[in-house]
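Visitor: Structure for the following, please:
(4 chains)
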Number of protein chains: 2
Amino acid sequence: MSRPTIAGVARAAGVSVASVSRVLNGLPATEEMVERVQRAVEELGYVPDARARSLKVGRTFQLTLAVADVGNPVYVTMMRAVEEVVSAAGYRLVVTTTGPDVVDEVALVRGMARGYADGLVISPLRVDEDLIKSIRECEVPVVVAGNVPTKAGVDTVRANSPKGIALAVEHLVARGRTRIAFLNGPADTVPGAARAKGFADALQAHGLRPSASAEATDFTFAAGRTAAPDLLAAAAGLDAVICANDLLAVGLMHELVAVGLEVPADVAVVGMDDSELAEQSFPPLTSVNLGSAERGRRAAELLLARIEDSSRAPRRIVVQPTLSVRRSTP
Amino acid sequence: MSRPTIAGVARAAGVSVASVSRVLNGLPATEEMVERVQRAVEELGYVPDARARSLKVGRTFQLTLAVADVGNPVYVTMMRAVEEVVSAAGYRLVVTTTGPDVVDEVALVRGMARGYADGLVISPLRVDEDLIKSIRECEVPVVVAGNVPTKAGVDTVRANSPKGIALAVEHLVARGRTRIAFLNGPADTVPGAARAKGFADALQAHGLRPSASAEATDFTFAAGRTAAPDLLAAAAGLDAVICANDLLAVGLMHELVAVGLEVPADVAVVGMDDSELAEQSFPPLTSVNLGSAERGRRAAELLLARIEDSSRAPRRIVVQPTLSVRRSTP
DNA sequence: GTCTGATCTGTAAACGATTACAAGAACGAT
DNA sequence: ATCGTTCTTGTAATCGTTTACAGATCAGAC
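Guide: Residues are numbered from 1 along each chain as shown, chains lettered A, B, ... in the order given. You can find the predicted model right below:
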């Protein structure tokens, strides 16, 4: 005995399938009709088939979130925010891990044409012409959580990481630190490039020169540890390090302790993302809050809005950073 | 100009829709036929519609993963493992957050009848008769990542947390600690109950009595901090604490430091889950590895296997724990 | 009593794929 | 030349909904 269909309900209730559908979708019907249909639905334990409904209405009530790595706490924060907005609006969330390669991202965006989801939030690490082209031509609405050129003409929600780094530098300078180094992630990524430039500019604004900078091979804890010795070797006597994200910062702190340097007494450390890890690390990490939760929320809202009205002009939202001061800086 | 359908391709190629479908699905066809269809597909940029396909074949090629809280690093680990297996098998992953309430879990399982996914991996915090009933009656295969009674007759993959706690106790005793306390999460959850009992049994096996125990309101960092003072007040002179997960352990360590106790010199701390946080915390946290990645992997494999063959006997897999010793214990 | 309009319900045609079945082509064996 | 077999292709039914359209019912106005 297999699942009852709407036809079975109609038969049981002695009405037409159209009437059943109407009652189920809350369209006007007589009291008696509603009553009969509901009884039949109850009795048979009928549940409408999402597949059939999707085909007919052309919507799946699913949205996709694509991130490079679910292990990064910043994506967890975003994901939670997106999930919240999306499920409140009656959508399910499909989570996809793209990995670091842009070709996989392009393939993903192209694949959206299959229509398994009604929209996409993508947070790309690396962006190229192909990716932008695929996004513009995508069958379903796409919102980019990240930085793409204005001329791309797509909805975006991005952080202002140069400004964030400026906040960090300002804070460090105010506390008397001047020999400031930068531990970046891969510079060929969009955030990596933006943060490198932001760091250079921020130091210049204070009349300082970079004490040193190093580039980790990834935005991960392990890469942070690995890159730390290089950074320390390059800059004798540095008194502060700004890191391109919290994982790198925590990795660095472990190495600092290992070589006998104290945080923040000897070296102040600032992270970025203000993820849960910043609060949990020891000492708790001063971190630039780039608004990942808000970016996730806004991106989801933008996507929902565009699904409602596909003709609206593309919007570019910038979420401003704040600094969460904790004990890793003096 | 909207998306081309299979009919459009057929027209462009001058063949029937059946032939197009066959070529696309790799069924036998002449060289010329394959050639013509592929050219037309290429030309029109045709991509098959997942919604229509789902309706016809009765499969969506999606699987759902339901966890209580995506913010918990242990679920991130599981999720990554599940995603890997599932996407290698050509499925997409729908991630759902159920929250702590069992009624929401039941609603979720019932909702699977809508057929938006071909299977479900659920990791429930709290389990009751209703939930088990809904799982048994579910329209699609369900694998429980967690502990449910054998008589429930469902596929499960679970950890052996009592054994894990025994490992922790053994380790602490071997290092000369005897005044051991336990910081649990909510005892009305399945893992909470199992771990409380495991702790009591393990101490007894060593002829020890619990130094103290406390119950945090959640398995979170914040709850760990909040519960810490109670624990310390209840047991003057404790020399070790085992925590029901890593977040609680890290929360506790922060409080220990705050009251001037040193880890591990004064108090040894052991976490559970061996999540990435254990490695990242300072000092790095000795933690019971309950095999979350492997549990995720096995659960996904079990689900795929059951989708292939729904008549196979339910399997119960137990993943054995190991202890990752780090510097939070002497 | 008839007509108009509004309101409710049913019939049937979609949505876009897969696939059972039948028809046609090709080919070798007799 | 005919027949049977095999292989390829096309026609049309089907999956389970939604919804355009038309038919039925009914109330109120004349």
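Visitor: now the helices: where do they sit in the stretch 51-200 of chain A?
Guide: A:73-88, A:102-111, A:129-136, A:161-174, A:190-205 (DSSP state H, counting those that start in this stretch).
Visitor: Report the buried residues of the third one.
Guide: Looking back up the chat, that one is helix A:129-136. Neighbour counts over helix A:129-136 (16 or more other C-beta atoms under 10 Å in any protein chain shown) mark A:L131, A:I132, A:S134, A:I135 as buried. All C-beta spots, glycine's among them, are computed from the backbone N, C-alpha and C.
Visitor: Next, the buried residues of the helix or strand bottoming out on mean pLDDT in chain A.
Guide: Here the helix or strand of chain A ranked lowest by mean pLDDT, DSSP states H and E is strand A:212-215, holding a mean of 89. The neighbour-count criterion (16+ other C-beta under 10 Å) identifies A:A212, A:S213, A:A214, A:E215 as the buried residues of strand A:212-215.
Visitor: Pretty sure A:V47 sits in a helix.
Guide: No - membership of A:V47 in a helix is not supported by DSSP: H, G, I helix; E, B strand; the rest coil, which gives coil.
Visitor: what's the burial count for the closest residue to it other than its chain neighbours?
Guide: In space, not counting the residues next to it along the chain, A:V47 is nearest to B:A113; the distance is 4.1 Å by C-beta to C-beta, 6 or more residues apart in numbering or on different chains. A total of 19 residues lie near B:A113 under the criterion other C-beta atoms under 10 Å in any protein chain shown.
Visitor: quick one: contacts for B:A113?
Guide: Under the criterion of C-beta atoms under 8 Å, 6 or more residues apart in numbering or on different chains, the contact list for B:A113 reads A:R3, A:V47, B:C138, B:E139, B:V140.
Visitor: and the end-to-end length of stretch A:180-197?
Guide: Between the opening and closing residues of stretch A:180-197 we find a distance of 15 Å, counting by C-alpha to C-alpha, to the nearest Å.
Visitor: right, is that stretch up against chain B?
Guide: No - with C-beta under 8 Å from any C-beta of the partner chain as the criterion, chain B is not reached by stretch A:180-197; the gap is at least 15.6 Å.
Visitor: again with stretch A:268-277
Guide: Yes - using C-beta under 8 Å from any C-beta, stretch A:268-277 reaches chain B at A:E276, A:L277.
Visitor: quick one: average pLDDT of that stretch?
Guide: When pLDDT is averaged along stretch A:268-277, the result is 96.
Visitor: Pull up the gap between A:D274 and A:G164, please.
Guide: 10 Å (C-beta to C-beta, to the nearest Å).
Visitor: overlap in contacts of those two?
Guide: Both A:D274 and A:G164 are contacted by A:V288, A:N289, A:L290, under the criterion C-beta under 8 Å, 6+ apart.
Visitor: between those, which is nearest DNA strand C?
Guide: Each of the shared contacts of A:D274 and A:G164 was scored against DNA strand C by C-beta to the nearest atom of the strand, and A:L290 proved nearest at 40.4 Å.
Visitor: Count the neighbours of that closest one for me.
Guide: With other C-beta under 10 Å as criterion, A:L290 counts 25.
Visitor: List the residues that contact the residue of the stretch 151-300 of chain A found nearest chain B.
Guide: Proximity of the stretch 151-300 of chain A to chain B (C-beta to the nearest C-beta) peaks at A:F282, 4.1 Å away. Shown here is A:F282, whose contacts under the criterion C-beta under 8 Å, 6+ apart are B:M253, B:H254, B:V257, B:S281, B:F282.
Visitor: ok, the second one touching B:T226?
Guide: No - assessed by C-beta atoms under 8 Å, B:H254 is found out of contact with B:T226, at 11.1 Å.
Visitor: Have a look at these two and say which one is more surrounded.
Guide: When B:H254 is set against B:T226 and neighbours are counted by other C-beta under 10 Å, the residue ahead is B:H254, at 20 against 16.
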